[in-house]
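1. Please work out how this folds:
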Amino acid sequence: MTSPGPQSASTLAELDAAVTGCRACPRLVSWREQVARDKRAAFRDWDYWGRPVPGFGPADAAMAIVGLAPAAHGANRTGRMFTGDRSGDVLYAALHQVGLASQPTSVSAGDGLRLRGVRITAPVRCAPPENRPTPAERDTCRPWLAQELRLLRPTLRSVVVLGGFGWQALLPVLAAASWRLPRPLPAFGHGTVVRLPATDSGPELSLFGCYHVSQQNTFTGRLTPAMLEKVLAAAATAAGLHPTGEESGPATAGEGAGRG
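-> Model prediction:
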């Protein structure tokens, strides 16, 4: 039986439910399920998620964070974006520090974590071998992110893109979701800010480039907590949120818990 496609979803809840049934990329399906069966010794008592991972955060988010793909023993295990691995440890600690997450840790989908006005997602929804999806897998997964951004469009004001892969994957998604991109296309860089103009179908959108929160970047100091917090705070300000640790924000910025 074929699962519903992204275009069939009229709400983010419908989209999140539909994406978990996707089996469009045979290599990714095989790998995510193999990892879920074989497990890592440290997680042998876990019931791995082993499916595509939906976005996490409120349906009326003013800010989005776009990564790369789920980690094999992180989100592929827990079922929530950036949850259960070292990259997520760094990201959620920074989000909490600037007032966008209710707690600094993210260990499981039922740990009570809530995001304030922020939704976390990725251009590829299944864990890829060696954390490297192919261009074809990226393109096959593109409609899911495009529909997610269309549904977020009424409230979305800023996007933080983690890494060059996410940046390159996101630009055609934005075009597919009817944002106007500058020419030539902007290059990725840490601290890069690009303003996409308002159109009849939506307000201005600010893109922020940030090095990925990978272990390679954070262990070597290429990306420090202070660097990450600075980008998140700037994106929150552009979105009309309050990066101060307060829970206040625009009326449209709700909270999300569990599997986004």
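
2. switch to C-alpha atoms for all contacts and neighbour counts from now on
-> Fine.

3. Name the helix or strand of this structure that has the lowest mean pLDDT.
-> strand 255-257 (a mean of 37; mean pLDDT, DSSP states H and E).

4. can you pull the buried residues of the helix ranked longest in the chain?
-> Longest helix in the chain, counting residues (DSSP state H): helix 135-152. Buried residues in helix 135-152, counted by 16 or more other CA atoms under 10 Å: 137-138, 141-152.

5. which residues in the protein form helices?
-> 12-19, 26-38, 75-78, 86-97, 135-152, 164-176, 215-220, 225-238.

6. Deepest in the core, which of those is it.
-> helix 75-78 (a mean of 29; mean count of other CA atoms under 10 Å).

7. Point out the other helices and strands that it packs with.
-> Secondary-structure packing of helix 75-78 (3 or more CA pairs under 8 Å, 6 or more residues apart in numbering; DSSP states H and E): helix 26-38.

8. quick check: angle from the helix it packs on to helix 135-152?
-> Put simply, helix 26-38 runs at 90 degrees to helix 135-152, going by axes from the mean of the first three to the mean of the last three CA atoms, to 10 degrees.

9. Quick one: mean pLDDT for stretch 133-144?
-> For stretch 133-144, mean pLDDT is 96.

10. List of residues touching it?
-> 6-7, 15, 19, 24-25, 69, 123-125, 169, 173 (CA atoms under 8 Å, 6 or more residues apart in numbering).

11. Redo the helices of the chain as a markdown table? Include distance to S206.
-> What follows is the helices of the chain, written out as a markdown table (distance: least, CA to CA, whole Å):
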| stretch | distance to S206 |
| --- | --- |
| helix 12-19 | 21 |
| helix 26-38 | 32 |
| helix 75-78 | 27 |
| helix 86-97 | 18 |
| helix 135-152 | 13 |
| helix 164-176 | 12 |
| helix 215-220 | 24 |
| helix 225-238 | 7 |
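
12. how close does A136 sit to D38?
-> 26 Å (CA to CA, to the nearest Å).

13. what's the answer for N131, then?
-> For N131 relative to D38 (CA to CA), the value is 17 Å.

14. next one: R183
-> Counting by CA to CA - R183 and D38 are separated by 47 Å.

15. Likewise for C22?
-> For C22, the distance to D38 (CA to CA) stands at 21 Å.

16. So, low pLDDT: which residues of the stretch 151-260 of the chain?
-> For the stretch 151-260 of the chain, residues meeting the criterion pLDDT under 70 lie at 244-260.

17. Name all residues that make contact with the residue nearest the centre of the chain.
-> By CA atoms, centre = their mean, the chain has its centre lying nearest to T121, at 2.0 Å. For T121, the contacting residues are 54-56, 64-67, 81, 145, by CA under 8 Å, 6+ apart.

18. Only the buried subset of those, as a PyMOL command please.
-> Buried members of the contacts of T121, defined by 16+ other CA under 10 Å, are picked up in PyMOL with:
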select buried, resi 54+55+56+64+65+66+67+81+145
